[in-house]
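*Asks:* Kindly return the folded structure for what I paste below:
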Amino acid sequence: LKCHVHRSDDILTAIRIAKEFDVKLTIDHCTDGAVIADEIAEENYPVFCGPTLTGRSKPELSHKSFTTAGILNKKGVLVSIITDSPVITLENLPLCAGLAVNAGLPYEEAWKAITINPAISVGISDRVGSLEVGKDGDVVIWTADPMTTVGAQSRMTIIEGKIVYQV
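*Replies:* Next comes the predicted model:
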């Protein structure tokens, strides 16, 4: 069950429903996640934070912050960062992760939040999310660290062992 929830009351309702019907749950958006971080951590459901790069265009986004990912991570929650593409284009995912680092998420955890954590959360980490023998080996080589350098560009992209893009 992938629940699109922003407010703390909606997040807690989604958790209650998932528990009542014994279904797996991901908490998508989780805008108020920092407000109820202890409750989310206690229930051990994975969270997809974002999109955070946009403005607060509706009341339920009043607590939207790049600090949420770090607060939840510190509590032991499996955190992923999302852009909700096309709301924010996918090319901005490393930027969003870098802004979460700037707001308190540890650097290594930010990389996990855009690679292995989403794969674990949706049950496909046996195939993707990290570079390991037997997994899909898709790789992007950057001109600079895309989480710390605005304007970093892909120099090369390798998918299934084949170069599909090269500058």
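
*Asks:* And the nearest residue to residue 130 once chain neighbours are set aside, its phi and psi?
*Replies:* Closest residue to residue 130 apart from its sequence neighbours, by C-beta to C-beta, 6 or more residues apart in numbering: residue 116 at 4.8 Å. C-beta: built from backbone N, CA, C; applies to glycine. The phi/psi pair for residue 116 (degrees, to the nearest 10) reads phi -70, psi -40.

*Asks:* And residue 116, how far from residue 73?
*Replies:* With distances taken as C-beta to C-beta, to the nearest Å, residue 116 is found 13 Å from residue 73.

*Asks:* Of the two, which one has the most company?
*Replies:* Each of residue 116 and residue 73 has its neighbours counted (other C-beta atoms under 10 Å); residue 73 has more, 24 against 18.

*Asks:* secondary structure class for the more buried one?
*Replies:* helix (DSSP: H, G, I helix; E, B strand; the rest coil).

*Asks:* Roughly how far does it sit from residue 91?
*Replies:* Taking C-beta to C-beta, one finds residue 73 at 24 Å from residue 91.

*Asks:* do residue 58 as well
*Replies:* Residue 58 is 25 Å from residue 91, by C-beta to C-beta.

*Asks:* How about residue 105?
*Replies:* 20 Å.

*Asks:* quick one: which of these two has more around it?
*Replies:* Higher neighbour count among residue 105 and residue 91: residue 105, with 27 against 12, using other C-beta under 10 Å.

*Asks:* where's that one, which helix or strand?
*Replies:* According to DSSP states H and E, residue 105 maps onto no helix or strand at all.

*Asks:* That'll do, ta.
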